[in-house]
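Engineer: The sequence isn't on hand, but the structure is:
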């Protein structure tokens, strides 16, 4: 590549774990350097707006603390003592240790572990080739979508909905269970446009007065885990006051006298006692959506963080089915467009190479590594990990167990990373990884309808290598022969999109680097019927049908335990005299999970881990602003700085963002307190559903 003498603007896609996947315009200074990053103005969903984290991406890609060379641990695990080695030395050692472990303990003793540090499919999912080629243990993906998606599918039968850009054409936008300003900024672009251009009302439902709620016309501040109670009480009012569209329900849903009788008991007074809202607030919300046919419900990932999240998601989803909002353009509900893509990723994942071994729950990594028999599926211990795209020592639940497991001297851990994360510090081998501008990939948009190309724009610094290249090299050294090894990442992008019916790569590049997969509006609104065989939306959620249609889902409970109808399901972690506070670990505007925690801009905006405490709760405990406090439960304890905040109900605590563990006393991060019990019906991690005690440190 020749040096660039004049900065140019290049189009790419954001790689990070956000439903929007913005189209980006990046200023390329030279072959190794970028300048400003902006949202693409000509992209109808990005509309020139990106989050503040990605806007500061030059801070991250040019950070002086990037890992640039392969490293081998020389001291005790966790003490940060490493020596530089060559790539050949690193790969030789990895292959030797893997083969020794396979021979002594079997292939299931090795667990490739990954998640969504990049949302590019080539560099995220290519690790599956390593897994299936050797029969290594499989990974059951539960840490993000495992609760919310089933709740949506249980009603609609298909994971899609009206184009999110249509929010701008709605007369009422309901943002429920997501702090969009922090995590999906483009949702706000279109919601605010609807208010400015159409006089639309913006309703925000959340557990604390965050940046999104501050923009609401109607802000409903509920207790954590009570969304389902609000939803069924709203439906009670819709039926009571003649605001339900009975003709729509008769044609498109399974509405029944039994369900109506069930809702007759779910009064606003009943829900007020559970949610902490007033009866007047519940009535007003019901009247608004019941008299505004063109209402758009944007249902977020907050639902997936609580033990009753699946039933709460389903209950909220039922409201537009009762009002018939789906029959109107810019009406209905949306969570994700994951059903519209139809990618053939068989070459990326090596589907023809073989089968993986036992399936281990990624959220229970601590239990797996500390020998819990049930978590290990009653098999042998895990003796080696190969980790890409995630930082489990910081982000996984039950951090105490996770750290204990990673500290095992008999565990061989390889981490392919961009920075010395909490997980990398406990590795035996650390490999330097590229960032998204330094390799090629493609990105789908769960939050809207375009697939975007992300071409390589920079040369990687130091000796950084991409996920795809590292896995390919391991396969070669392990003696695996596969068609994917004849391709580089750009070739894999082209071949995957061609196989998937997206066209030739040159055509996609000529079309602006994207393919729009938006289904027809009527299809997205289920005008010809919902995704179940009879075409009817389910007020009685079809959990068994969800499991049957999705082979990846594993029941973690008896199906009979699930509520028969849409309802509030009281299964959240119990407050008690010992743990009287309910803690939620909500997303930060400055961090994205554990990503961006190292960049100067993020550190400046959120320099220390704070705990939001209601002033009346703080006064009772003698806590003042800025003092060090300690919260804990039977899993451990964590220290943070007190921040007094009256924008939530009493008895609720909020810890925003994931700071590195070392930012806390004793290097105990916030996920020390979060349980890893599997959320019903198909697993998940209840990050916003934890009870704790609180005291001065």
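Structural biologist: Thanks, I have it. Since this is a predicted model, take the numbers as computed values, not measurements.
Engineer: what about residue 59, how many neighbours?
Structural biologist: When neighbours are defined as other C-beta atoms under 10 Å, residue 59 has 16 of them. Quick note: C-beta positions are derived from backbone N, CA and C, even for glycine.
Engineer: Secondary structure class of residue 297, three-state.
Structural biologist: Using DSSP: H, G, I helix; E, B strand; the rest coil, the structure places residue 297 in strand.
Engineer: how much space is there between it and residue 586?
Structural biologist: 20 Å (C-beta to C-beta, to the nearest Å).
Engineer: higher neighbour count, those two?
Structural biologist: Taking other C-beta under 10 Å, residue 297 and residue 586 do not tie; residue 297 has more neighbours (28 against 22).
Engineer: What about the closest residue in space to the more buried one that isn't next to it in sequence, how many residues nearby?
Structural biologist: The shortest distance from residue 297 to any non-neighbouring residue, by C-beta to C-beta, 6 or more residues apart in numbering, is to residue 333 (3.9 Å). When neighbours are defined as other C-beta under 10 Å, residue 333 has 26 of them.
Engineer: repeat for the one 10 residues further on
Structural biologist: Look at residue 343: counted by other C-beta under 10 Å, it has 17 neighbours.
Engineer: How about residue 625?
Structural biologist: 13.
Engineer: Also residue 666?
Structural biologist: Neighbour count for residue 666, taken as other C-beta under 10 Å: 12.
Engineer: Give me the phi and psi angles of residue 259.
Structural biologist: phi -70, psi -40 (degrees, to the nearest 10).
Engineer: Pretty sure residue 565 is one of the things it touches, is it not?
Structural biologist: Yes. Counting by C-beta atoms under 8 Å, residue 259 touches residue 565, with 5.2 Å between them.
Engineer: Overlap in contacts, these two.
Structural biologist: 539-540 (C-beta atoms under 8 Å, 6 or more residues apart in numbering).
Engineer: Would you enumerate the residues in contact with the residue nearest to residue 297?
Structural biologist: Per C-beta under 8 Å, 6+ apart, neighbours of residue 333: 152, 161, 296-299, 316-317, 320, 325-326.
Engineer: all helices for the stretch 51-200 of the chain, in order.
Structural biologist: Along the stretch 51-200 of the chain, the segments classed as helices by DSSP state H, counting those that start in this stretch run 52-55, 57-61, 87-105, 121-125, 127-134, 148-156, 180-183, 185-198.
Engineer: any weak-confidence spans in the stretch 451-600 of the chain?
Structural biologist: Flagging of the stretch 451-600 of the chain using pLDDT under 70 yields the residue ranges 589-595.
Engineer: For it, just list every one of the helices.
Structural biologist: Under DSSP H, counting those that start in this stretch, the stretch 451-600 of the chain gives helices at 467-477, 489-499, 505-510, 521-524, 543-549, 600-605.
Engineer: Buried ones in the fourth one, by neighbour count?
Structural biologist: Using 16 or more other C-beta atoms under 10 Å as the test for burial, helix 521-524 gives residue 524.
Engineer: Mind listing residues that contact that helix?
Structural biologist: The contact list for helix 521-524, computed with C-beta under 8 Å, 6+ apart, reads 160-163, 166, 329, 332, 518, 528.
Engineer: ok, which pair from those residues is furthest apart?
Structural biologist: Among those, the pair separated by the greatest distance (C-beta to C-beta) is 166 and 528, at 18.1 Å.
Engineer: More neighbours: which of the two?
Structural biologist: Set side by side, residue 166 and residue 528 show more neighbours around residue 166, with 22 against 10, by other C-beta under 10 Å.
Engineer: And for the closest residue to the more buried one other than its chain neighbours, the neighbour number?
Structural biologist: Nearest residue to residue 166, sequence neighbours excluded (C-beta to C-beta, 6+ apart): residue 330, at 4.2 Å. Other residues within reach of residue 330, judged by other C-beta under 10 Å, total 26.
Engineer: Could you name the helices and strands sitting against the host helix or strand of residue 442?
Structural biologist: Assigned by DSSP states H and E, residue 442 falls within strand 441-443. Helices and strands touching strand 441-443, by 3 or more C-beta pairs under 8 Å, 6 or more residues apart in numbering; DSSP states H and E, are helix 121-125, strand 450-454, helix 489-499.
Engineer: Those: which one's closest to residue 440?
Structural biologist: Among the helices and strands packed on strand 441-443, helix 489-499 comes nearest to residue 440, with 4.1 Å by C-beta to C-beta.
Engineer: Tell me the buried residues in that closest one?
Structural biologist: Buried, per 16+ other C-beta under 10 Å, within helix 489-499: 489-490, 492-497.
Engineer: Output those residues as a markdown table; include the columns distance to residue 510.
Structural biologist: As requested, the buried residues of helix 489-499 are exported to a markdown table (distance: C-beta to C-beta, whole Å):
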| residue | distance to residue 510 |
| --- | --- |
| 489 | 21 |
| 490 | 16 |
| 492 | 20 |
| 493 | 15 |
| 494 | 14 |
| 495 | 18 |
| 496 | 18 |
| 497 | 14 |
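Engineer: got any ranges where this structure has weak pLDDT?
Structural biologist: For the chain, the stretches with pLDDT under 70 are 1-5, 17-20, 589-595, 603-604.
Engineer: hmm, try it at 50
Structural biologist: Residue ranges of the chain with pLDDT under 50: 1.
Engineer: residue closest to the middle of it?
Structural biologist: For the chain, the residue sitting closest to the mean C-alpha position, by C-alpha atoms, centre = their mean, is residue 144 at 4.2 Å.
Engineer: Surely that residue is in contact with residue 302?
Structural biologist: No. Contact criterion C-beta under 8 Å: residue 144 and residue 302 do not qualify, at 11.9 Å.
Engineer: Residue 270 contacts residue 233, doesn't it?
Structural biologist: Yes. Counting by C-beta under 8 Å, residue 233 is a contact partner of residue 270 at 6.7 Å.
Engineer: what about those two, which has more around it?
Structural biologist: More crowded of residue 270 and residue 233, by other C-beta under 10 Å: residue 233, with 28 against 17.
Engineer: Could you confirm that one falls within a helix?
Structural biologist: Yes. Residue 233 forms part of a helix when assessed by three-state DSSP.
Engineer: ok, the nearest residue to it once chain neighbours are set aside - how many residues close by?
Structural biologist: Excluding its sequence neighbours, the residue lying closest to residue 233 (C-beta to C-beta, 6+ apart) is residue 271, at 3.4 Å. Here the number of neighbours of residue 271 (other C-beta under 10 Å) works out to 26.
Engineer: Would you mark the buried spots in the helix or strand where residue 271 lies?
Structural biologist: Taking DSSP H and E as the criterion, residue 271 maps to helix 268-275. Using 16+ other C-beta under 10 Å as the test for burial, helix 268-275 gives 268, 270-272, 274-275.
Engineer: And for stretch 188-202?
Structural biologist: Going by neighbour count (16+ other C-beta under 10 Å), the buried part of stretch 188-202 is 188-195, 198, 200-202.
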